[in-house]
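> When you get a sec, could you give me coordinates for this:
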Amino acid sequence: MKKLVITIILFFSILQFGISLLNPFGPTIFPVAPILGEKVKGEVGISIELWKNLDEVISKVSSNYSKFVVLPITTAANIYSSGVDIKLVGVHEWKVFYLIANEDFKDLSSLKGKTVYSAHGRGQTVDVLLRYLLVQNGLKPDVDVKFAYAAPQEIVALFKSKKINYAALPEPFVSMCLDSGKIVLDFQQEWNKISNSSLGIPIAGLFVVGKITEFENVINDVEKTFKKSVDYANSHIDEALEITSKYLPIPSAILKKSLERTTFKYIPINECKNEVHNFLKTMHELYPEGIPQVPDEGFYLK
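Below you'll find the model as predicted:
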């Protein structure tokens, strides 16, 4: 009885004051733009805070700063393995990574003796996948093909000035380079071949942090609102881009073009758990330094 009373008090307190959701600064503003622009609302008010780097969000998640957070799946898996109580509610980003080139490219053998620049550090999704694909094609990563890492804006500038020839980038930075080169590899297609998946790469999703027993109604409501926001953005692209452009200094025309090669689709974890587990297991096998431990059942919201 006491637990029920506490639960009711907590629920109505949250209804009154709302909750915060930490979301990455960048193109992932687009799927939550309807919440930011108050086009989509739930019973629970959601205040979105944008995080700009992994150190910042890891610190906030570890200190239980916010109940809900959007994170890359690989980052969240490592946070969970460090002992933080974090659970995956659902995945909403499935397609965003491409290899681009501004010189002749036949197949992966064309990369021999070259350097590939990546916007994500060693051990991140696109880095691990490219290393795996090189090995499968008889090339030694770091020997036959060099890797370099830099901020995406810096890579775009280097690529457009022809100072570099290859880059593994997410959208919309790919679209920003296509006047100076072309897409030569779709990492999602390559992952689907490896995994026999048809969804693409489980790149990022919605997580809940800390004890959830007293918050089940809140979680259900936030998940419902989050899904509505993703659906609304996909069906009202110009409206969502207008809201996104208030926060993200990238031209709307570039963002709109990038959406042709980006997939935001919310899938609850009970419908994509096997996809996520297989992805993390494969990443661990390919590059254990990046994913030292595959999360157990506690990583997934039941």
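> Pull the residues that contact stretch 245-262.
Contact with stretch 245-262 is made by 25-27, 29-30, 36, 50, 95-96, 98, 171-172, 174-176, 183, 237-238, 241-242, 244, as judged by CB atoms under 8 Å, 6 or more residues apart in numbering. Every residue, glycine included, has its C-beta placed from N, CA and C.
> So which of the residues you listed belong to strands?
Residues of these located in strands (DSSP state E): 50, 95, 98, 183.
> Once you drop chain neighbours, what's closest to the second one?
The shortest distance from residue 95 to any residue that is not its chain neighbour, by CB to CB, 6 or more residues apart in numbering, is 3.7 Å, and that residue is residue 263.
> For that neighbour, what are phi and psi?
Main-chain torsions, residue 263, degrees, to the nearest 10: phi -120, psi 110.
> could you check the distance from it over to residue 187?
Using CB to CB, to the nearest Å, one gets 12 Å for the distance from residue 263 to residue 187.
> Report the secondary structure state of residue 267.
strand (DSSP: H, G, I helix; E, B strand; the rest coil).
> Kindly state the beta-bridge partners for it.
Beta-bridge partners of residue 267, counted by DSSP bridges, are residue 91.
> Check what pLDDT it gets.
On pLDDT, residue 267 comes in at 97.
> can you give me the helices in this structure?
Ranges of helices in the chain, per DSSP state H, are 2-17, 33-36, 54-62, 73-81, 125-136, 152-160, 173-177, 187-195, 216-235, 237-244, 252-258, 269-286.
> List of residues touching the fourth one?
Think helix 73-81. 54, 58, 61-62, 71, 86, 88, 91, 123-125, 202-205, 207, 276, 279-280, 283, 290-295, 298-299.
> Give the buried subset of these as a PyMOL selection command.
The following PyMOL line selects those of those that are buried, judged by 16 or more other CB atoms under 10 Å:
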select buried, resi 54+58+61+71+86+88+91+123+124+125+202+203+204+205+207+276+279+280+283+290+291+294+295+299
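> now residue 57, nearest residue through space, not along the chain?
Residue 57 sits nearest to residue 51 (CB to CB, 6+ apart), 4.1 Å away.
> Show the model's pLDDT score for that neighbour.
pLDDT at residue 51 comes out at 92.
> try the one 5 residues further on
Note for residue 56: predicted pLDDT of 88.
> try residue 14
pLDDT, residue 14: 56.
> now do residue 285
What the model reports for residue 285 is a pLDDT of 87.
> I'd like the distance between it and residue 272.
According to CB to CB, residue 285 stands 20 Å off from residue 272.
> Repeat that for residue 284.
18 Å.
> cool, residue 187 as well?
To residue 272, residue 187 is 18 Å away according to CB to CB.
> coming back round to it: out of residue 263 and residue 187, which sits in the busier spot?
Ranked by neighbour count (other CB atoms under 10 Å), residue 263 and residue 187 place residue 187 first, with 22 against 17.
> For that one, give me its contacts.
97-99, 125-126, 129-130, 168, 201.
> Out of those, which comes closest to residue 158?
Checking these against residue 158 by CB to CB gives residue 168 as the nearest, at 13.2 Å.
> what residues are up against that closest one?
Contacts of residue 168 by CB under 8 Å, 6+ apart are 97-100, 116-119, 126-127, 130, 187.
> from the residues you listed, which would you call buried?
For the contacts of residue 168, buried by 16+ other CB under 10 Å: 97-100, 116-119, 126-127, 130, 187.
> For those residues, could you give me CSV that also reports pLDDT?
CSV is the format used below for those (pLDDT from 0 to 100):
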residue, pLDDT
97, 95
98, 97
99, 97
100, 98
116, 97
117, 96
118, 93
119, 85
126, 87
127, 86
130, 90
187, 94
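> For those residues, give me TSV that also has distance to residue 137.
Formatted as TSV, the buried ones among the contacts of residue 168 follow (distance: CB to CB, whole Å):
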residue	distance to residue 137
97	18
98	18
99	13
100	18
116	13
117	19
118	18
119	23
126	16
127	16
130	11
187	14
